[in-house]
Structure formats: C-alpha cells, structure tokens
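A.B. asks: mind looking at a prediction? Sequence and model below.
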Amino acid sequence: MMNNIIQIDESYQNWRGELSDRFRNSQIKAAVRVNSEMLQFYWALGRDISQMGLSARYGSGFFKRLSSDLKELLPNVKSFSETNLRYMVWFYELYSLIPQQAVVESDMAEKQLPMTNDYVSESIFSIPWGHHVAIIGKCRSDQQKALFYVNKTIENNWSRAVLLNFLDTDLYDRQGKAVTNFQITLPDVQSDLAQAITKDPYNFDFLTLTEKYNEKELKDALMDNITRFLLELGSGFSFVGREYRLMIGEKENFADMLFFNINLRCYVVLEVKVTEFEPSFAGQLGTYVVAVNHQLKDDWQNPAIGLLVCKSMDKIEAQYALESTSQPLGVSSYELSKLIPENFKGSLPTIEEIEAELNDDKHIEQK
C-alpha cells in the first residue's frame, strides 16, 4: 500500500527526479573545486621554482632531479614529469600580474615567499590543466593573448579540441577585426558587442574545394559543414535558414544565410561572395537587413545587422561604402587552404579500374 501511495505522489516523484540533477551538480562543483586546488598548487610550485631561481642555480639537470624526487615522495601522482614541471613555471610566469622581483642568491634561504594569489586573475584556476598546456604552448610570451583564450574557454565551455582549433587559426588576432559601421549605426553597448562577434579573416580551412570553386559550391560546402561553420562564426549564433526568401515589393529576394544571435538579440543576415568586395554588395545587404526588420523582427529584439564575407577587400573602399549606408553592416574576408587542383579528380582511378587491378593481382598470385 505504501509503495502504491508513493508511486502516485506527484511531489515525491518531482523531488526524486531533482535528486539526480542535484547530485550531478554537486559532482561538477566538486570536480571544479579539485581542479582549482590542483592548479593553485601548480601555481605555487612554479612560483617557488621561478622566484628562488632553482633551475638557474642547479643547471639543466634540475627538472630531472626534482621530477625524480617528487615521484619518490608521491609515487601515486602522475603530474611531475620534467615537461609538466617546466609548464608549471611557465604557468606562473605567464599569468603573474606583478613584476618579477630579483632575489639575491644569499637571501634565498631566509626569504618567505607569500602563498597568496590575490594578484592573479582568478579565471586561470577555472579551466583544466590540459587547456593551460595548450594555451601556454601558443602564448608563452603574451599574457593578454593567453587570458583571451582562457576567458573564451570559460565563456563557451570549449573542449580542448575546440580550443586547439581556435589556437591554430589565430582567433585572437582575427576577433573583432571586420570593417564595420557599427559605431555610427548602433548604440554604444550594442556596437561593442556586435564588433566583438566579427572576425577578419574568417577561416574556412575545414572546407575542401577545387581551385576554381564558384559561389554555389562555397555556400553548399559551408552548409554541409554547418556545425564547424557555426563554431567559426562564434558564440550565440543559431541557424535560421539558407536562401531565405524575402519579398521586397513585388520581387522575390533570397538572403544567402539568416542567423539569430542570442547575445545580441537580433537577426544577422550573412552574404557570401567569392569575389573581391564591391560597394554594390553593401547596398544589396542593407536592403535585406531593412526587409528583415520589417518582416521578421519582434518588439523585444534589436535591429538586424548584416555581415558580408568576401574573398578579399580593399579596406578603405569597404569603409567608405559602409559610411554611405544607415544600416549596421560589417565586411570581412575569408581564407581557404585546402584547395585541390581542378584536374585532380580526373587523375584518380575509378572504382572499376581499382577492382580490375585487384583481380589481375589475384590471377598472377594463382599462377
């Protein structure tokens, strides 16, 4: 009887369902806390080695000796390889926000090094060590660049594979670099946010196209790789449609791609061109932006913006063209690296030719 009552009690069922979520959340919080404690230990160890000048004092064999000693003292811990110890020093030296103080060798033994990290950006203790190793490998001498990737990882919950992708494509140097008129067409706060979502150039290395690709082939390839394309566009983008139909007067028009950006709370009309930028492109895109505002925009949404991605551009010409329109537009270029020769496909053997060759080989073996 008790089991039946409990089974139909809605409040009990809801509470039982919440227990699993609460337990998983507590596991996640515990893992984050453990990760933070471990990173603070790495920070302190790297700081000690750096400030005490131990590698300089004992020479090139210091890290090998320290690694051996720590493995002997802590045999179940796998974090004390020579390489990892060097990364701990780089971890400290890269992210420390105070100038390194020279320490006189004779005073080292008496010096009491502070154990606080209140001069450090707390964000660095919020991502896994493997992410830090990847960032340090690319940004060892550039603190601002390293912190950019740390904060992007936290903001977007990047896996290490995604982080490595953006490190390889130099996101830091491309972010927010499009030619735009956002400062004169959007309110200050939205202008900054809109500029931040742009890149120049966009990196389409995930595509493989022939050398003489056309506009349709490029757009098809982007849609076939929509997940990677959205990743390259950045956080907050959701795909609405391709060749999106817009009736302007009595004419049918089709915007290449329509997105909605959650962070900006607005539609984003994106046009892709396989040629160099031409001022007429801005006029066409501006018309699509106005049409989206009239036909799709809700009261709670911000005005739509337009992004034009071209094979190349003259930045002065693009800036002049954007200053001539009242619609918020941005222009960027794109890069491709995986282009195959036009005649490459024709030089490959067909399936029939491969099968025939295999059959010939079999006949030779039988003889």
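C.D. replies: Alright, I've got the coordinates. Numbering: from 1, shown residues only.

A.B. asks: in the stretch 201-350 of the chain, what residue spans correspond to strands?
C.D. replies: Ranges of strands within the stretch 201-350 of the chain are 202-203, 209-210, 237-248, 251-261, 266-272, 305-310, 329-335, 339-340, based on DSSP state E, counting those that start in this stretch.

A.B. asks: ugh, typo on my part, it should be the stretch 51-200 of the chain
C.D. replies: Under DSSP E, counting those that start in this stretch, the stretch 51-200 of the chain gives strands at 179-180.

A.B. asks: please identify the most buried of the strands of the stretch 201-350 of the chain.
C.D. replies: strand 305-310 (a mean of 26; mean count of other Cβ atoms under 10 Å). Any C-beta I mention is one placed from the backbone N, CA and C, and that applies to glycine too.

A.B. asks: got the angle between that one and strand 329-335?
C.D. replies: Here the directions of strand 305-310 and strand 329-335 differ by 30 degrees (axes from the mean of the first three to the mean of the last three Cα atoms, to 10 degrees).

A.B. asks: so how far is strand 305-310 from its chain's centroid?
C.D. replies: Strand 305-310 has its C-alpha centroid displaced from the chain centroid by 20 Å (Cα atoms, centre = their mean, to the nearest Å).

A.B. asks: same thing with stretch 299-309?
C.D. replies: Worked out by Cα atoms, centre = their mean, stretch 299-309 lies 22 Å from the chain centre.

A.B. asks: which one of the strands of the stretch 201-350 of the chain has the lowest average pLDDT?
C.D. replies: For the strands of the stretch 201-350 of the chain, mean pLDDT drops lowest on strand 339-340, to a mean of 74.

A.B. asks: thinking again about what came up before, so which of the strands of the stretch 201-350 of the chain comes closest to Leu296?
C.D. replies: Set against Leu296 and scored by Cβ to Cβ, these come closest in strand 266-272, at 6.1 Å.

A.B. asks: that closest one to strand 329-335, inter-axis angle?
C.D. replies: 50 degrees.

A.B. asks: so what strands line up beside strand 266-272?
C.D. replies: Strand pairing for strand 266-272, using DSSP bridges, gives strand 251-261 (antiparallel), strand 305-310 (parallel).

A.B. asks: how far does the longest one sit from its chain's centre?
C.D. replies: For strand 251-261, the distance from its own C-alpha centre to the chain's C-alpha centre is 25 Å (Cα atoms, centre = their mean).

A.B. asks: format the CA atom coordinates belonging to it as PDB.
C.D. replies: Written as PDB, here are the backbone C-alpha positions of strand 251-261 (Å, rounded to 0.1, in the frame of the first residue of the first chain):
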ATOM      1  CA  LYS A 251      10.100  40.900 -56.200                       C
ATOM      2  CA  GLU A 252      11.400  37.700 -54.600                       C
ATOM      3  CA  ASN A 253      14.800  38.100 -53.000                       C
ATOM      4  CA  PHE A 254      16.900  35.400 -51.300                       C
ATOM      5  CA  ALA A 255      19.400  36.200 -48.500                       C
ATOM      6  CA  ASP A 256      22.300  33.800 -48.500                       C
ATOM      7  CA  MET A 257      22.000  32.800 -44.800                       C
ATOM      8  CA  LEU A 258      20.000  34.100 -41.900                       C
ATOM      9  CA  PHE A 259      21.000  33.600 -38.300                       C
ATOM     10  CA  PHE A 260      19.800  34.800 -34.900                       C
ATOM     11  CA  ASN A 261      22.400  35.900 -32.400                       C
END
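
A.B. asks: residues in contact with that strand?
C.D. replies: Here strand 251-261 makes contact (Cβ atoms under 8 Å, 6 or more residues apart in numbering) with 197, 219, 222, 233, 236-247, 266-272, 287-288, 291-292.

A.B. asks: quick revisit: can you add distance to Leu193 and give the strands paired with strand 266-272 back as a markdown table?
C.D. replies: What follows is these, written out as a markdown table (distance: least, Cβ to Cβ, whole Å):
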| stretch | distance to Leu193 |
| --- | --- |
| strand 251-261 | 9 |
| strand 305-310 | 10 |
